[in-house]
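Colleague: Pasting the sequence and the predicted model now:
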Amino acid sequence: MKKVILLLMSVQFFVYLGFGIVIPILPEVILEQGFSKVHVGGLLTVYALSSFFTAPLWGVLSDRTGRKKLILIGLIGFSLSFFLFALFIGNLPLLYVSRVVGGVFSGALYTAVTGFVADMTDEENRNKYMGLLGMSIGLGFIFGPAIGGVLGDYNLQLPYLTSGVLTLLLLLYASIILKEPERRNEGNKRAIIPKGASTLWKYRIRYLFIFSFMVTFLLAGLEATFQLFQIDRIEITPLQLGYLFMASGFVDAAIQGGVVRRVKNGTETKWIIGAQIVTAIGLLLIPFTTSLFWAGVALSVFTGGNALARTVLVSLTTKESGGKYGTAAGMAYSMDNMGRIIGPLLFTWIFTQEAGNMYFLSAILAVLSIGLIIAFRKSTKSLRTVEIDSD
């Protein structure tokens, strides 16, 4: 079972590494080819959009054809998206095609992997293994931009060729190691927005869902615009950006490993409010950066606040779900995806109009979002005190 879990963690890692690896390279590609800067956000958005709308369809297919087969199909398609991007890096329409292909097959991998874990675990240990998958996703987001920046310094195509080859090797390993799991009764519940979500929106947990959107929305907006802004400000290179994201990744890891475990039960909202204030401070620092060092400080401050808010929010959401963990997780995933769909495109458009002022707007939104947590605290309509039917 350990080999299988490690393999599934590797799959999730590569899916989200594939999303992040493009971040430090896209602005360079777009600027070199003379395309509008708004395409940076467009190429990030179309990936998340493709994944969001096709994941439920893949979920149905996964239940019918089996988890292993869909994982193998997903890995083939995902590797193809990397090679497409590398080979047609100067062709904007085909770059969009490659991102659509990547998003579509990332949806297949996400639903098949989560379905696989659900089938091979029971309720007692499922949260543990789903948590490991979540950790893999986080690592992918951390190391994706870092690897993209470092390899992209040698050649803008190299990160994609490398990822494509590694994904094919993972495909070979998966075809040997994975065995189709025994199907469980709940195996047919693989939708992005699962049945029963409407019930949760009647209670105060709805404020946490909206807040989840805001946290990801601000993160996606920064990922799409940070390099564009720093190119204008300090002429940052993909390699330098890779180092900055790597440093901020260690900040993220320190938050996950050191700070989060100090959060005591019942104090989550205080920590989230504090985290959002730190996030706002990081955003406010970005327009004033005058060197690579201060750009790293601003990015790390933002990352620290965002990571803390995101992680504590997940914990609080599960506690507030009234036992409907799967439904709440599906709803949170949906809201995160919406943040990644809307954030890059909107913020890159604002960037072309206002540039540095965009970060002041982001900071204001970060502070205003605290109102959602205050509304959550004031509401007494909690699922913790109400018994509801299971999914």
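Modeller: Structure received.

Colleague: Quick one: residues contacting the closest residue to L87 other than its chain neighbours.
Modeller: The shortest distance from L87 to any non-neighbouring residue, by CB to CB, 6 or more residues apart in numbering, is to Q157 (7.8 Å). All C-beta spots, glycine's among them, are computed from the backbone N, C-alpha and C. For Q157, the contacting residues are 86-87, 89, by CB atoms under 8 Å, 6 or more residues apart in numbering.

Colleague: What separation do you get for Q157 and G90?
Modeller: 10 Å (CB to CB, to the nearest Å).

Colleague: just R340 next, same as before
Modeller: Taken as CB to CB, the span from R340 to G90 is 26 Å.

Colleague: For those two, indicate the residue with more neighbours.
Modeller: Using other CB atoms under 10 Å, the more surrounded residue of R340 and G90 is R340, with 24 against 12.

Colleague: okay but that one is in contact with A48, surely?
Modeller: Yes - taking CB atoms under 8 Å as the definition, R340 is a contact partner of A48 at 3.9 Å.

Colleague: Any chance of the backbone angles for N155?
Modeller: phi -160, psi 130 (degrees, to the nearest 10).

Colleague: Q240 now?
Modeller: Per degrees, to the nearest 10, the backbone of Q240 is at phi -60, psi -40.

Colleague: what do you get for V97?
Modeller: phi -60, psi -40.

Colleague: correct me, but it touches F85?
Modeller: No - contact criterion CB under 8 Å: V97 and F85 do not qualify, at 9.2 Å.

Colleague: of these two, who's got more company?
Modeller: F85 (30 against 16).

Colleague: what's the closest non-adjacent residue to the more buried one?
Modeller: Closest to F85 by CB to CB, 6+ apart is S98, at 4.1 Å.

Colleague: So, low pLDDT: which residues of the stretch 251-391 of the chain?
Modeller: 256-257, 323-327, 329-330, 333, 355-356, 385-391 (pLDDT under 70).

Colleague: One more pass at 80, please.
Modeller: Applying pLDDT under 80 to the stretch 251-391 of the chain flags residues 252-253, 256-258, 260-261, 314-315, 318-319, 321-334, 354-356, 382-391.

Colleague: quick revisit: give me the subset of the contacts of Q157 lying in helices.
Modeller: 86-87 (DSSP state H).

Colleague: Give me the buried subset of the contacts of Q157.
Modeller: With burial judged by 16 or more other CB atoms under 10 Å, the buried subset of these is 86, 89.

Colleague: so is T167 in a helix, a strand, or just coil?
Modeller: Here T167 is helix, with the state taken from DSSP: H, G, I helix; E, B strand; the rest coil.

Colleague: show me what contacts it?
Modeller: Here T167 is in contact with 14, 18, 75, 78-79, 82 (criterion: CB under 8 Å, 6+ apart).

Colleague: How about F211?
Modeller: Applying CB under 8 Å, 6+ apart, the residues contacting F211 are 272, 313, 369, 372-373, 376.

Colleague: again with E182
Modeller: Contacts of E182 (CB under 8 Å, 6+ apart): 119-120.

Colleague: Helix or strand: which one has it?
Modeller: Assigned by DSSP states H and E, E182 belongs to neither a helix nor a strand.

Colleague: which residues are common contacts for R340 and A48?
Modeller: A220.

Colleague: ok, back up a step: reformat the contacts of T167 into TSV and put neighbour count, pLDDT and secondary structure next to each item.
Modeller: Below are the contacts of T167 laid out as TSV (neighbours: other CB atoms under 10 Å; pLDDT from 0 to 100; DSSP: H, G, I helix; E, B strand; the rest coil):
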residue	neighbour count	pLDDT	secondary structure
F14	24	80	helix
G18	29	74	helix
L75	26	92	helix
F78	27	92	helix
S79	23	93	helix
F82	27	92	helix
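
Colleague: What are the boundaries of the helices in the stretch 51-200 of the chain?
Modeller: Ranges of helices in the stretch 51-200 of the chain, per DSSP state H, counting those that start in this stretch, are 67-87, 92-120, 123-152, 158-177, 197-200.

Colleague: Just the closest of the contacts of Q157 to G107, please.
Modeller: Closest approach to G107 among the contacts of Q157 (CB to CB): A86, at 21.6 Å.

Colleague: pretty sure the closest one is touching N155, no?
Modeller: No - in this structure A86 lies outside contact range of N155 using CB under 8 Å: 9.3 Å.

Colleague: Quick check: phi and psi on Y203?
Modeller: The phi/psi pair for Y203 (degrees, to the nearest 10) is phi -110, psi 180.

Colleague: For it, which residues are in contact?
Modeller: Counting by CB under 8 Å, 6+ apart, Y203 touches 320, 322, 381-383, 386.

Colleague: coming back round to it: the helices of the stretch 51-200 of the chain: which one's closest to M331?
Modeller: helix 197-200 (4.9 Å).

Colleague: Which strands or helices does the closest one pack on?
Modeller: Where contact means 3 or more CB pairs under 8 Å, 6 or more residues apart in numbering; DSSP states H and E, helix 197-200 is packed against helix 325-354.
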